[in-house]
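[1] Sequence and computational prediction follow.
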Amino acid sequence: MSGAFILAWMVLLLPLVSTVLISCFTLKNDKLSARISIGAVLAGFVMSLLIFLSAREAGESNITWISIGNFQATLGVKLDNLSALMLLIVTGVGSLIHWYSQGYMKGDRSYSRYFACLSLFTFSMLGIVLASNFMQMFIFWELVGVSSYLLIGFWYERPAAADASKKAFLTNRIGDFGFILGIIMVWAATGSLNFAELKGVFEANPEILGATAGIVGVLLFCGAVGKSAQFPLHVWLPDAMEGPTPVSALIHAATMVAAGVFMLCRIFFLLSPDALQVIAWTGGITALMAAVIALQQNDIKRILAYSTLSQLGYMVMAVGVHAPGAAMFHLTTHAFFKAMLFLGAGSVIHALHHEQDIWKMGGLKEKMPATYKTFLIGTLALCGVPPLSGFFSKDGILAAAADFRHHGNVFLFAIGVLAAVLTTLYMARLVLVAFHGKHRSEAADHSHESPSVMTGPLWILVIPTLFAGFLPIESAVNHVAGLNHAGDHTQAPLAMAFSVLALLIGGSVAWSLYSKAESDPIANRLHGLSTALKNRLYFDEIFNGLIYVTHEAVSKLAEWIDRILLSSFIVKGLSNVVDVFGRGLRLFQTGSIHTYAFLFVVGIALVMFFVMGGVL
Amino acid sequence: MSILTFILFLPLLGAGLVALLPKTAKGLIRAVALASTALPLLCAILAFLSFNGAEAGPGGYKFYQKVAWVTALDINYQVGADGINIGLILMGSIVSFAAVCVARSIQDRTKEFHFLMLIMIAGIMGTFMSIDIFFFYFFHELALVPTFIMIGVWGRGKNKDYATYKMTLYLTLGALVALVGLVLLYVQSGAKTFDLIALQEQLRDNPISSDAQTTIFGFLLFGFGILVSLWPFHTWAPVGYDAAPTATAMLHAGVLKKFGIYGLIRIALPLVPQGAQAWLEVLAWLCMGNILYCGWVAMRQKNLNKLIGNSSVAHMGFVFLGIASMNLIGISGAVLVMIAHGFLAALSFGLSGYLYDQKKTLDMDQYGGALRQMPFMGTLLVMAMMAGCGLPGFANFAGEITVLFGAWKSLPWFVTGTAWGALIIGAIYALRAVRKMLHGPVANDTPPLQDAANYWIKLPYVLLVASLLLFGIFPSLLTDKIRTSVAKVVKSIEAGTQDQETNLAEESVKTELDIQLAGQD
């Protein structure tokens, strides 16, 4: 095992050690807990850097988890361009958010528990990143789900947080149901779970899945639909904002929700063209739908949550149009600027004593200059202003969608451009309403800039937000995904022109609507549509109804049958018969031993009956 | 003398000592009970650790011992362990010790309770280590009788009598039907022996006729099935466990209940494989009843114990699915689920008992925000619920996922249903329980709930959680042992069903088995 693999194992295991240490020993010592947790992820970052920079060969190191017949499940670390990049993102952004949390969570009575959960999350996420096989991917997929559950429900005494955590977990489970079936089907067809082996199998025989290729692809994609909150399982992500804001930044913006995209890039080689079509359209629909809903949200975190949904839709769409490199590129840049935006929002919320309504903010530009400046840079990057990182990565996706000769599609391209217009619109609305204009509440009037432990990470995140666009991520990832032919799309003039056009349209509309607004001007003009958007297009209501008519109804029926029919009617009837029977036999019953003796006799008599009676 | 004999007789010895002690010497009674389960636990750990190196006796059983008893009928005290039951013996010892720890809350007629509990534990241990069918059955009955008395005398709730009555009725009926099957097997085999090893050899060369096999397996399936709460014969379980004292519920739901499954895997599958094949589809459908139907029923429960009871019934569905797969992976998974579920059921009922002792109710609506009042026990309950809905890291996941993989090829639609039950329905009721009891605003409790005060109280729960985690993270500690022995079972199934039209033995599986067997020896 070469040095890089030892380092990778350590990166993976250190956060686990931290979780165990904190939960077993240092729950009462807040400072030490924070130090352990931060130390683990920082050390992980340094080692990830070493791995990234070392002249490593792609490869893996595995240990056996279960081995029965041809069910060979292993746990391991797989190192290639894709995992090395994700390692850097997870530990890098993770370190900053751990650091920031020290300030944000200060004084919380479960401070240590917070860091224990954060370490558990880091461990689980790294497990996905380093996964060398499907079983490991699924194991850590579930663990990420549970750490997300624990962190969304961190303030579990608040009913909203407790409900949101439950909803997130259950919605994810629906996706995981498809995911595991897909995994089992791949295994049943090929006999392997290991990515490298599978890749070899698929290269030798691309048709190995036969007629089921499309179904398998879609089932595997279900996992991403759940975790990356794609339509129609997107409903959990906005609610997940009930968790502490650093958690929203780390898990529900930068890393975990991107796991679905990462997974799709990892298994890109086995996705059939049909499955990719489904993926592309799901992504496109999510990108557009979420951007539309974001227009009429008033909670600063929910706007960012819908924006995350929309951007994840972009990434998924990119995978669907055969551009996993572009997807990973956007994932990377998005991780930086969206984490920064969330941390900025956290800084605002912290300063305003947990006020989250943007219409009760206003004029924060002067009160919180550092937060404002970084937030603005993040916004510009998200909107795709050249030459910030978001411009290049979004452009990569639009260019792939505009590549009509290969796998592009004019409708998907149009959706992408439209979503870009809307992105600029809702982000400009957010910045103009929250940071510009006059103070609209007392809390906003009395706000102060957050301490340096919180603004520090913001400034650090500015660096990659500005420059990550110049990294050659796209081609490096395409190489891993086995797409050597796909070059850099960034030169495509059509995409770039539309991208800039979208920026201008969105920006100018937002300026005219919101630069002087005291309340939302379009809410009155759109009436019903606005209400529908505020209610998030009634997805929650529809789902509740669906669950009610399916599971709740079936469950009621089953319980009724169980209670009435089986417990009362049949069993009581049976017991009455036995009771009558028993009364007649009371003479023989002097104690339980005798009953038993009797039953033995009955048993033997029955046997004799069968044997003698020629039943057999 | 075999180390297994110590595991079996130490609790019996303890029971004898307890019987001699005066009623008032509660401390001494507790000490004896703890010692006579702690020592077997040490022995079981030792046996588990030295299993690979131990010398294999007749039939491949390790730690083998045989003492002639009734030579005329060829009934012998005969114990041994292979990969299938070594894990069960370890699990049984851990759960037994934990149950004795938890029984400290029994204040009324302490002596009698501990006496019965130790008898039950000895019976449980004997069941899982006997290679003689007579003793296999005898020890089960030995454990069952104290169970009924414990529920009837120390049970709780107004339905106590009804529950005892129902449980006794069902379990006696199940045991009786299974007995019919076993006696039929004895008669039909013509081997004139209860010795499992001899029976197996006899039947390998002279299998029972196909029709007779079908009849025998039918008796065994439903007899053993009733004991394991096979749908639709499951309704005794939630009611019975709700009324049972904590330690009894832990021991029965955790360990003794597995008698039925163990019997199916150890006796029914290898000895009457053609019969098994005939019933395979019925079994697969019934296991849907366990997983989906009982899961739905669990969703509606308002009482924590009924929820755990129904979920425990639902979990048995995985085992039945694994058996119905009739292949190496599926059956190995079933054994793993069996062990994992033993820890989990004991942990869940132990925790619910802890809550009941404090609040005298398990109505979930009466609780709220309990995690704030009792962070330690609350966290354990969250872990138990998560283990129950198949979270990786706990042993249940390892077993369940193995079953799903194993059953896919022959029963894909049943696997789909099972996966839905495991991932969605299981999660719904588990998280609802957490949401109602542990999350949300803190309920106005007077007096407030107390967290576990010291290490001594925490010990049994920690032991059970640690076992779940250990075998969840390193399942190969168990599966490496299980697969070798299950491979033998599968070999007899294949040999026994070879001449049948539907040839189950696929090329790939067969060669793998050979490799597996060669690699192990």
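    Arrived safely, thanks for sending.
[2] Could you find the closest non-adjacent residue to A:Phe221?
    A:Ile279 (5.4 Å; Cβ to Cβ, 6 or more residues apart in numbering or on different chains). C-beta coordinates here come from the backbone N, C-alpha and C atoms, glycine included.
[3] any idea of the mean pLDDT for whatever helix or strand the one you found lives in?
    Mapping A:Ile279 onto the secondary structure by DSSP states H and E places it in helix A:273-294. Across helix A:273-294, pLDDT averages out at 91.
[4] Give the full set of residues in contact with the residue nearest to A:Phe221.
    Residues near A:Ile279 by Cβ atoms under 8 Å, 6 or more residues apart in numbering or on different chains: A:Gly217, A:Phe221, A:Ala224, A:Leu264, A:Leu271, A:Val316, A:Met317, A:Val319, A:Gly320.
[5] which residues of the stretch 151-300 of chain A fall in helices?
    A:159-190, A:195-204, A:213-227, A:236-239, A:245-249, A:259-266, A:273-294, A:300-320 (DSSP state H, counting those that start in this stretch).
[6] Show the secondary-structure elements that the fifth one is packed against.
    On a contact count with 3 or more Cβ pairs under 8 Å, 6 or more residues apart in numbering or on different chains; DSSP states H and E, helix A:245-249 meets helix A:81-104, helix A:300-320, helix A:324-351.
[7] Kindly reformat those helices as a markdown table containing mean neighbour count and mean pLDDT.
    Below are the helices and strands packed on helix A:245-249 laid out as a markdown table (neighbours: other Cβ atoms under 10 Å in any protein chain shown; pLDDT from 0 to 100):
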| stretch | mean neighbour count | mean pLDDT |
| --- | --- | --- |
| helix A:81-104 | 25 | 90 |
| helix A:300-320 | 28 | 92 |
| helix A:324-351 | 29 | 90 |
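[8] Take those and lay them out in JSON lines including distance to chain B.
    Below are those laid out as JSON lines (distance: least, Cβ to the nearest Cβ, whole Å):
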{"stretch": "helix A:81-104", "distance to chain B": "19"}
{"stretch": "helix A:300-320", "distance to chain B": "21"}
{"stretch": "helix A:324-351", "distance to chain B": "23"}
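[9] can these go into a markdown table with extra columns for distance to B:Pro58?
    What follows is the helices and strands packed on helix A:245-249, written out as a markdown table (distance: least, Cβ to Cβ, whole Å):
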| stretch | distance to B:Pro58 |
| --- | --- |
| helix A:81-104 | 51 |
| helix A:300-320 | 59 |
| helix A:324-351 | 59 |
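[10] out of those, nearest to B:Ser476?
    Each of the helices and strands packed on helix A:245-249 has some distance to B:Ser476 by Cβ to Cβ; the shortest is helix A:81-104, at 24.7 Å.
[11] circling back: I'd like to know which of the helices of the stretch 151-300 of chain A is closest to A:Ser37.
    It is, among the helices of the stretch 151-300 of chain A and with distance given as Cβ to Cβ, helix A:245-249, at 12.1 Å.
[12] And the closest one, how far out from the chain middle?
    13 Å (Cα atoms, centre = their mean, to the nearest Å).
[13] hmm, who's touching that helix?
    Here helix A:245-249 has contacts from A:97, A:100-101, A:104-105, A:118, A:151-152, A:154, A:240-241, A:301, A:304-305, A:338-339, A:342-343, A:345-346, A:349-350, using Cβ under 8 Å, 6+ apart.
[14] Which of the helices or strands spans residue 142?
    No chain in the question, so chain A it is. Residue-wise, A:Glu142 maps onto helix A:134-152 under DSSP H and E.
[15] could you do chain B instead?
    Per DSSP H and E: helix B:133-154 holds B:Leu142.
[16] Show me which residues of that helix are buried.
    B:133-152, B:154 (16 or more other Cβ atoms under 10 Å in any protein chain shown).
[17] Now that helix: average pLDDT?
    The average pLDDT within helix B:133-154 is 89.
[18] Flag every buried residue along the helix holding A:Glu142.
    So, applying 16+ other Cβ under 10 Å, buried residues of helix A:134-152: A:134-152.
[19] now stretch A:518-530
    For stretch A:518-530, by 16+ other Cβ under 10 Å, it's A:Asp520, A:Ile522, A:Ala523, A:Ser530.
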